[in-house]
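Asks: Sequence below, structure please.
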Amino acid sequence: MGAAGTVGRLIEQERAVCADLEAVLLAEREALESFSSEAVSRCVREKSVLQGELARLVESRRQAVRMLAGELGMNTDDGRIVPLLQRLPQPVATELREAVGALRKGLIRTRRIQRVNGALIDESLRLVGEVIQAYSQFLPGTRYDRRAMVKPGPTPDGIDQRA
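Replies: Prediction:
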């Protein structure tokens with residue numbers, strides 16, 4: 001069955017991209033924990049590329065599943081393979097079931113890491129907000145430029161104190 005082989009290859013490609021994404025997310029976590037803005041930016045770019053690739057593969061797999069459904073005389077509008085497995089020969093069905101299971105496990109790990117990274121980002125933003133608030137209380141007029149670099153306001157020596 002040609003379509004079943006295509007579906008299997010696409011699932012394996014999705015799993016590989018998901019594993020790459022997991023590695024980038026773990027690198028992003030390290031970058032967040034070490035406050036390395038350059039590393040975080042690099043990870044964000046890499047994530048974007050991998051997420052785009054994953055979306056492309058998902059759509060290709062869904063199309064291949066629809067083709068497989070047609071070969072089996074079935075219909076699957078949502079592109080899900082699980083309902084088709086019972087109609088496939090046992091070795092093919094088992095192989096695809098295992099591939100789907102491995103992909104799901106990878107997606108669950110990736111989502112878990114994304115949630116943790118999101119919490120780290122939220123906490124970092126909260127802390128940065130507190131630091132900015134503290135600066136503004138002690139150094140009135142302090143501003144931040146586009147790169148989040150401090151542009152101090154007037155210092156006590158620079159304030160015209162003539163009355």
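Asks: Strands of this structure, start to end?
Replies: In the chain, the segments counted as strands under DSSP state E are 143-144, 150-151.
Asks: Least reliable of those strands by average pLDDT, please.
Replies: Mean pLDDT is lowest for strand 150-151 among the strands of the chain, at a mean of 59.
Asks: Quick check: which ranges of the protein have low pLDDT?
Replies: 1, 135-136, 138-163 (pLDDT under 70).
Asks: Scan it for its longest helix.
Replies: Secondary structure of the chain read by DSSP state H shows that its longest helix is helix 90-138.
Asks: Could you list every helix and strand in contact with that helix?
Replies: Judged by 3 or more C-beta pairs under 8 Å, 6 or more residues apart in numbering; DSSP states H and E, the packing partners of helix 90-138 are helix 2-33. Every residue, glycine included, has its C-beta placed from N, CA and C.
Asks: Tell me the helices and strands packed up against the helix it packs on.
Replies: helix 37-71, helix 90-138.
Asks: quick one, the last one and helix 2-33 angle?
Replies: Between helix 90-138 and helix 2-33, the angle formed by their directions is 20 degrees, by axes from the mean of the first three to the mean of the last three C-alpha atoms, to 10 degrees.
Asks: Distance from helix 90-138 to the middle of the chain?
Replies: Its chain's C-alpha centre and that of helix 90-138 lie 7 Å apart, by C-alpha atoms, centre = their mean, to the nearest Å.
Asks: Next, the angle from that helix to helix 37-71.
Replies: 150 degrees.
Asks: L103: neighbour count?
Replies: 19 (other C-beta atoms under 10 Å).
Asks: and the closest residue in space to K47 that isn't next to it in sequence, what is it in contact with?
Replies: The shortest distance from K47 to any non-neighbouring residue, by C-beta to C-beta, 6 or more residues apart in numbering, is to V24 (5.5 Å). Contacts of V24 were listed using C-beta atoms under 8 Å, 6 or more residues apart in numbering, and they are C43, E46, K47, L50.
Asks: Of these - the most surrounded one?
Replies: In terms of neighbour count, C43 stands highest of the contacts of V24 at 22 neighbours, by other C-beta under 10 Å.
Asks: That one is in contact with L26, isn't it?
Replies: No - assessed by C-beta atoms under 8 Å, C43 is found out of contact with L26, at 9.4 Å.
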